[in-house]
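Chemist: Task: produce atomic coordinates for the following.
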Amino acid sequence: MICINAEDRVFNSADISPLSSSAIVMEDIFEAVRVTSQQAQAAYALMAMANPGLSISDWAAYLRRYEKETGQERGLIALYDRRRCIHGIFAYEIAQPLSREATLNVSELASVRLPGTVLIDALMRFANTLAGELNLPAIALELEPSAVWAQDQVAMEQRGFALERVRMRGRTW
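Modeler: Alright, predicted model coming up:
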């Protein structure tokens, strides 16, 4: 995964409705909706594409466990289009590292690309709105390397994001 961080920069999000409702409207294209066990079936197709070995029962169990621990500081969201198709599922949580300020961490669980930067733009607007509501000064996005296209990197840099670190994962040996 690539971790991209925007520190000390919460950009203007006047075009987004408050998160206090169950959804955030994203410029007529996307709506960010909290994912609960009631949406397990709707979100499963996208999750199964990203995780071929995932069964619907495993996904539903994951959502039930996650729901028990969610609140304003942790949760799952899906980015829906007007046709109610899900284009991305993301987990978010607040992190308080020892050497840095509190940060809203947003991690990609699964996503489907569209032309241009509309998905990454919607994700940044969601993260910015939530970080603003939680009074957090920084946002970190964890995205699959294949999800970050050149135009996405430019869009993120224009909003103050910069590559922070690369996380490598391997099997125990």
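
Chemist: Need the pLDDT of the closest residue to Asp152 other than its chain neighbours.
Modeler: Leaving aside its chain neighbours, Asp152 sits nearest to Ile120 (4.3 Å; criterion: CB to CB, 6 or more residues apart in numbering). All C-beta spots, glycine's among them, are computed from the backbone N, C-alpha and C. The per-residue pLDDT reported for Ile120 equals 91.

Chemist: Helix, strand, or coil at Ile120?
Modeler: Taken by DSSP: H, G, I helix; E, B strand; the rest coil, the conformation at Ile120 corresponds to helix.

Chemist: What lies in contact with the helix or strand where Met47 lies?
Modeler: Using DSSP states H and E, Met47 sits within helix 40-50. Residues from elsewhere that reach helix 40-50 (CB atoms under 8 Å, 6 or more residues apart in numbering): 35, 54, 56, 59-60, 63, 78, 84, 86-89, 109-112.

Chemist: run the last query once more with 6 Å
Modeler: Residues from elsewhere that reach helix 40-50 (CB atoms under 6 Å, 6 or more residues apart in numbering): Val35, Leu54, Ile56, Trp59, Ala60, Leu63, Ala78, Ile86, Ile89, Ala110.

Chemist: what do you get for stretch 92-109?
Modeler: Contact partners of stretch 92-109, identified using CB under 6 Å, 6+ apart, comprise 73-75, 89-91, 127, 131, 136-144.

Chemist: Mind jotting down where the strands sit in this protein?
Modeler: 2-6, 23-26, 30-34, 74-80, 86-95, 103-111, 138-143, 162-166 (DSSP state E).

Chemist: Quick one: these as TSV, columns for distance to Ala50, mean neighbour count and mean pLDDT too.
Modeler: Shown next, in TSV, are the strands of the chain (distance: least, CB to CB, whole Å; neighbours: other CB atoms under 10 Å; pLDDT from 0 to 100):
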stretch	distance to Ala50	mean neighbour count	mean pLDDT
strand 2-6	16	20	47
strand 23-26	21	20	48
strand 30-34	18	22	88
strand 74-80	13	21	90
strand 86-95	8	19	93
strand 103-111	4	20	93
strand 138-143	12	22	92
strand 162-166	20	12	81
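
Chemist: No further questions, thank you.
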